[in-house]
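Peer 1: no FASTA, just this:
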């Protein structure tokens, strides 16, 4: 039994010494992006004290387990925080905040996808990460422009309009995730 523990300790030490910088930076970026989303979404009155500690721990989860459910969990916590801030605390719905939270949600998701592909000891060409981030920036810009144009064309505005769009988007995202999960289990 002791030899098994010793082997595990040696394997962990070997793994730690083999960690490379690029996968570690991607995982650090996941933490920063998810935590920034939490801070932007939740009301400022709630953040001081223990809640900020819990949110920091929650932001660490997708950084350590990007292949697991933690990215979805933190996205739902972020959207819940935004809805809590607008409904529970009466924060006015601002388009810049809505677009920033959406951008942070997308960046967190895409960085988790990148981190899921990179083992801790991967040697990565910096151009790969640069191209990944440039493509993500293009998607964010296109989505922001299209989102603003569609909101203007549909005449949605005010608190009820943005919240309606947010709740509908959340339902579509959860439905899509459930459908994809069902299809993957079916294979």
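Peer 2: On my side now, so go ahead. Predicted model only: the values in this text are computed from it and were never measured.

Peer 1: Could you give the backbone dihedrals for the most centrally placed residue in the chain?
Peer 2: Central residue of the chain (Cα atoms, centre = their mean): residue 108, 3.0 Å from the mean position. When read as degrees, to the nearest 10, the backbone of residue 108 gives phi -60, psi -40.

Peer 1: which ones are touching residue 173?
Peer 2: Contact analysis of residue 173 by Cβ atoms under 8 Å, 6 or more residues apart in numbering lists residue 75. C-beta: built from backbone N, CA, C; applies to glycine.

Peer 1: For it, give its distance to residue 77.
Peer 2: For residue 173, the distance to residue 77 (Cβ to Cβ, to the nearest Å) stands at 13 Å.

Peer 1: now residue 62, what's its secondary structure?
Peer 2: Here residue 62 is recorded as helix under DSSP: H, G, I helix; E, B strand; the rest coil.

Peer 1: Was I right to think it contacts residue 34?
Peer 2: Yes - with contact defined as Cβ atoms under 8 Å, residue 62 reaches residue 34; the gap is 6.0 Å.

Peer 1: who has more neighbours, these two?
Peer 2: residue 34 (31 against 28; other Cβ atoms under 10 Å).

Peer 1: ok, now how distant is the more buried one from residue 117?
Peer 2: 18 Å.

Peer 1: do the same with residue 104
Peer 2: Distance, residue 104 to residue 117, by Cβ to Cβ: 21 Å.

Peer 1: And residue 4, by the same measure?
Peer 2: 31 Å.

Peer 1: do residue 126 as well
Peer 2: 16 Å.

Peer 1: same thing with residue 60?
Peer 2: Look at residue 60 and residue 117: by Cβ to Cβ, they are 20 Å apart.

Peer 1: Which helix or strand contains residue 68?
Peer 2: Using DSSP states H and E, residue 68 sits in no helix or strand.

Peer 1: OK, contacts around it?
Peer 2: 61, 62.
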